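*Asks:* Need the 3D shape of this:
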Amino acid sequence: LSADGRTLYVIGINKDFDSPIEAAIGFKEFRPAATGNAWVLNGASLDANTGTRIVDVPGLRLPNPAQDSQNPRFQRGGPGEVSLSQARVAGVSERFSYSFPAHSVTALAFERAGDRPR
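*Replies:* Numbering: from 1, shown residues only. Got it, this is the predicted structure:
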């Protein structure tokens with residue numbers, strides 16, 4: 001909950017490799033506005049990366065990275081492989097469902113009903 005009590009935040013991490021997870025979200029002592037915001041960090045697959053090279057440190061040996069067996073992307077890293085998207089969440093009520101995409105980190109923000117959007 002924000003310091004002023006107007007915005008409630010939910011962070012969801014879906015570790016499922018293949019499937020979205022439908023979650024029931026309920027509020028107690030907080031009446032949300034009918035829409036919220038979602039920011040989703042996700043990639044083309046589990047091992048997607050931006051192509052940034054690992055720093056080469058003399059004497060430091062790093063293990064081989066884990067790779068997605070279904071859709072390996074580690075060697076293809078580059079722009080667009082990992083993205084942050086933003087969307088409105090409709091149908092928000094004191095109890096509703098939200099689908100967290102497979103292998104994603106999602107931040108949800110809900111304004112208290114009656115407060116003006118920022």
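*Asks:* any idea how far the nearest residue to P65 once chain neighbours are set aside is from G5?
*Replies:* In space, P65 comes closest to F74 once its chain neighbours are excluded; the distance is 5.7 Å by CB to CB, 6 or more residues apart in numbering. Where you see a C-beta, it was placed from the backbone N, CA and C, and this is true even at glycine. Taking CB to CB, to the nearest Å as the measure, F74 falls 43 Å from G5.
*Asks:* quick one: which of the two has more around it?
*Replies:* Between F74 and G5, counting by other CB atoms under 10 Å, F74 is the more crowded of the two (16 against 10).
*Asks:* what residues are up against that one?
*Replies:* Residues in contact with F74, defined by CB atoms under 8 Å, 6 or more residues apart in numbering, are D47, A48, N49, P65, Q67, D68.
*Asks:* My reading is that the first one lies in a strand. Confirm?
*Replies:* No: counting by DSSP: H, G, I helix; E, B strand; the rest coil, one finds D47 to be coil, located in no strand.
*Asks:* wait, doesn't it sit right on P72?
*Replies:* Yes: D47 lies in contact with P72 (CB atoms under 8 Å); the separation is 6.4 Å.
*Asks:* quick one on the thing from earlier: and which of the contacts of F74 is nearest P101?
*Replies:* A48 (13.0 Å; CB to CB).
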